[in-house]
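Asks: Need coordinates for the below:
(4 chains)
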There are 2 protein chains.
Amino acid sequence: MNIENAQVQMRKGILEFCILHIISRGEVYASDMLDELTSARIMVVEGTLYPLLTRLKNSGWLDYKWVESSSGPPRKYYVLTDEGKIFLDAMQATWFELAESVQTVIHRTEELSKTASSNLPEPN
Amino acid sequence: MNIENAQVQMRKGILEFCILHIISRGEVYASDMLDELTSARIMVVEGTLYPLLTRLKNSGWLDYKWVESSSGPPRKYYVLTDEGKIFLDAMQATWFELAESVQTVIHRTEELSKTASSNLPEPN
DNA sequence: ACATGGTACCTTGCATCACAAAGTACCTGT
DNA sequence: ACAGGTACTTTGTGATGCAAGGTACCATGT
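Replies: Presented below is the predicted three-dimensional model:
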């Protein structure tokens, strides 16, 4: 295991949440999402995004329609279903709770590192 | 896929970070960690924690020593190695960047939902 | 000595999922 | 017809969370 791998792990699940968010704004297709995620510094590649979209579609949270493009092959434009909106709300609540839990852990470490310093050898 | 599953996914990777944080405070054994994580409302079970500790140990970020208990079997007390401290710092930076990226996505959705309302059908 | 219950750590097997890589298909310009 | 760009799809691999079951140690009561 290395740091890159750990960073990837940390992003899992968050990705799903961010993609739902982007789709909630209105109809978008995959390349739109890639641009948006990249600009938010959340790196994703096609091999991750397309299977993820298919999974969300099969779960009933997304729907799509084919739209002809004036330059290139047709595109799948995705929208959130009503169920998807409910799911997104639940994910957002989970995100805030998780962020708060992590903050709790970080904060407690900082608190304890003050009081616990008396147990450590003195610095040079 | 269901909401519970999605919540589990979202927690992946974060767990590793939180466990390193807890160990960074001083020597602890697995049950200590479970208590601490539970009190921060981050649910973990033994089947997750033990393999994770083994992985972190094998990666060189943790070390442990056996300590006799006055009541029960001996315990493995874990500490961070120097490499582990560096890794923890990197994980913490990643966490803050990730939280900021997610905040960017949420914020942009809120902004666009204001201006984009003119494109939607009027409510009844 | 033996059984029981509690604590602590470990292992196996399964399902999920990110990702790389390779493939398919459509459109435009020359 | 061919080349190049865009868009979507599929296959295979490796990592890993977790449920379930297992092993081992200790203290207590009889």
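Asks: okay, CA-based contacts and neighbour counts for the rest of this
Replies: Fine.
Asks: Spell out which parts of chain A neighbour DNA strand D.
Replies: A:1, A:5-6, A:9, A:29-31, A:46-47, A:50-51, A:54, A:72-77 (CA under 7 Å from any atom of the strand).
Asks: Filter these down to just the ones in strands.
Replies: Here DSSP state E is the test, and those give A:Arg75, A:Lys76, A:Tyr77 as lying in strands.
Asks: In JSON lines, list the residues you listed along with neighbour count.
Replies: Below are these laid out as JSON lines (neighbours: other CA atoms under 10 Å in any protein chain shown):
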{"residue": "A:Arg75", "neighbour count": "16"}
{"residue": "A:Lys76", "neighbour count": "16"}
{"residue": "A:Tyr77", "neighbour count": "17"}
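Asks: Buried members of the residues of chain A next to DNA strand D into PyMOL, please.
Replies: Entered in PyMOL, the line below selects the buried ones among those, by 16 or more other CA atoms under 10 Å in any protein chain shown:
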select buried, chain A and resi 6+9+29+30+75+76+77
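Asks: Also within reach of DNA strand C: list those from the residues of chain A next to DNA strand D.
Replies: With CA under 7 Å from any atom of the strand as the criterion, the residues of chain A next to DNA strand D include A:Gln9, A:Glu46, A:Gly47, A:Pro51, A:Gly72, A:Pro73, A:Pro74 near DNA strand C.
Asks: how much space between the closest residue to the first one other than its chain neighbours and B:Trp95?
Replies: Pointing back at A:Gln9 there. Of all residues not flanking A:Gln9 in the chain, B:Gly13 sits nearest, at 4.6 Å (CA to CA, 6 or more residues apart in numbering or on different chains). According to CA to CA, to the nearest Å, B:Gly13 stands 10 Å off from B:Trp95.
Asks: Many thanks, I have nothing further to ask.
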